[in-house]
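Engineer: make a model of this:
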Amino acid sequence: MPTRRELILSAAWAAARPQVRLTDTKGEKIAATCNGTTLFEYRYSADRPKSYIHPLCLPGGQPITLDGPKDHVHHRGLMVAWSEVNGIDFWGETNPARHGPIAHQKFERVRDGARGEIRALLHWTAEGRLHLVERRTILVPPPGDDGVWLEWITELEAASGPVKLAAGQHVYNGLGIRFIHEWDGHSVLNSNGTATIDKANGEPAKWCAYHAPGGGVAIFDHPTNPRHPSPFFVMNKAFGYLSAAPSFKEGAFELAAKQKIRFRWGVLTFRGAPQPDALNRRFEAFGREK
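Structural biologist: Residues are numbered from 1 along each chain as shown. Prediction:
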């Protein structure tokens, strides 16, 4: 049994470790910070048709995402969305298609500390019908030597009847990031060593990074994900965008009533150029986590 002194030292050591603080502005957003520096903000306002992360920041707090730019108002920072769910668009917001919101219902857990945790319940509803129930988890530890890391877990359940998550003409469904204008026209690197946009777009990979002078972002596809390794959608003209897009190549996912599908992604923002060895190590560590 630990002595009193050992317990005191253990408590002091734990208190000295960097902590992630989650500050909730009720009805609007949760800010994730560490030592006073913003890591990201999770936005869940009922005024928006999605709940998403914006800004997502580099180490040091520099924002690298856009929220609702004029060219594509439905691009919301770091977001999960699908352009065709039973024929309904849960991606776009202003185009003529049939639309539905991905609406925040409640938080099931918000906990800060050595690893911040946000758990939320969301409803994908359109035309008077609940199509999908989403349970979303965001996990964020203090930044490490390689950058700001978060995990995004989305579990989708067909609410009452069959659900078809189709790609249609849009191949970018999944977890996507819209980058700041200063990052338009820049570069890609994936776990296969591919460094050209044309080849990387649609290529299955364990991870894919988009980068510009000063920093970048990598998305990691967990080995337990459906269709791992995932294809990635990536573009740099007319703007920079990256998404883990599991329906890019193989088409729709079909769920029976009450059936679930679960996706788990890692996201790393980093300074400088992408370092393949470091990104591979990060993927291996991520893949060992259950």
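
Engineer: where along the protein do the helices fall?
Structural biologist: For the chain, the helices defined by DSSP state H occupy 4-16, 197-200, 276-288.

Engineer: can you flag the weakest of these by average pLDDT?
Structural biologist: In terms of average pLDDT, helix 4-16 trails the rest of those, at a mean of 48.

Engineer: so, low pLDDT: which residues of this structure?
Structural biologist: Counting by pLDDT under 70, the chain has low-confidence residues at 1-16, 168.

Engineer: in stretch 58-67, which residues are buried?
Structural biologist: If you call a residue buried by 16 or more other CB atoms under 10 Å, then stretch 58-67 has these buried ones: 58-59, 63-67. Quick note: C-beta positions are derived from backbone N, CA and C, even for glycine.

Engineer: ok, stretch 131-150 next?
Structural biologist: Buried residues in stretch 131-150, counted by 16+ other CB under 10 Å: 131-143, 146-150.

Engineer: ok, stretch 193-200 next?
Structural biologist: 194, 197, 200.

Engineer: how about stretch 115-122?
Structural biologist: Within stretch 115-122, the residues scored as buried using 16+ other CB under 10 Å are 116-120, 122.

Engineer: tell me which two of those sit farthest apart.
Structural biologist: Within these, two members stand farthest from each other by CB to CB: 116 and 122, at 18.7 Å.

Engineer: dump the buried residues of stretch 115-122 into TSV; add distance to residue 224 as well.
Structural biologist: Shown next, in TSV, are the buried residues of stretch 115-122 (distance: CB to CB, whole Å):
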residue	distance to residue 224
116	22
117	19
118	21
119	19
120	21
122	21
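
Engineer: mind checking which of the residues you listed are in strands?
Structural biologist: In strands, judged by DSSP state E, the following of the buried residues of stretch 115-122 are found: 116-120, 122.

Engineer: isn't residue 271 up against residue 61?
Structural biologist: No - at 11.7 Å, residue 271 does not count as touching residue 61 under the criterion of CB atoms under 8 Å.

Engineer: just to revisit the earlier point, relative to residue 85, which of the buried residues of stretch 58-67 is nearest.
Structural biologist: Using CB to CB, the buried residues of stretch 58-67 come closest to residue 85 at residue 67, 22.5 Å.

Engineer: and the closest one, what are its bridge partners?
Structural biologist: For residue 67, the beta-bridge partners under DSSP bridges are residue 76.

Engineer: same thing with residue 106?
Structural biologist: Note on residue 106: beta-bridge partners by DSSP bridges are residue 121.

Engineer: how near is it to residue 142?
Structural biologist: 27 Å (CB to CB, to the nearest Å).

Engineer: before we move on, back to that, could you dump the buried residues of stretch 58-67 to a markdown table with distance to residue 47?
Structural biologist: Shown next, in a markdown table, are the buried residues of stretch 58-67 (distance: CB to CB, whole Å):
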| residue | distance to residue 47 |
| --- | --- |
| 58 | 28 |
| 59 | 31 |
| 63 | 21 |
| 64 | 24 |
| 65 | 19 |
| 66 | 18 |
| 67 | 12 |
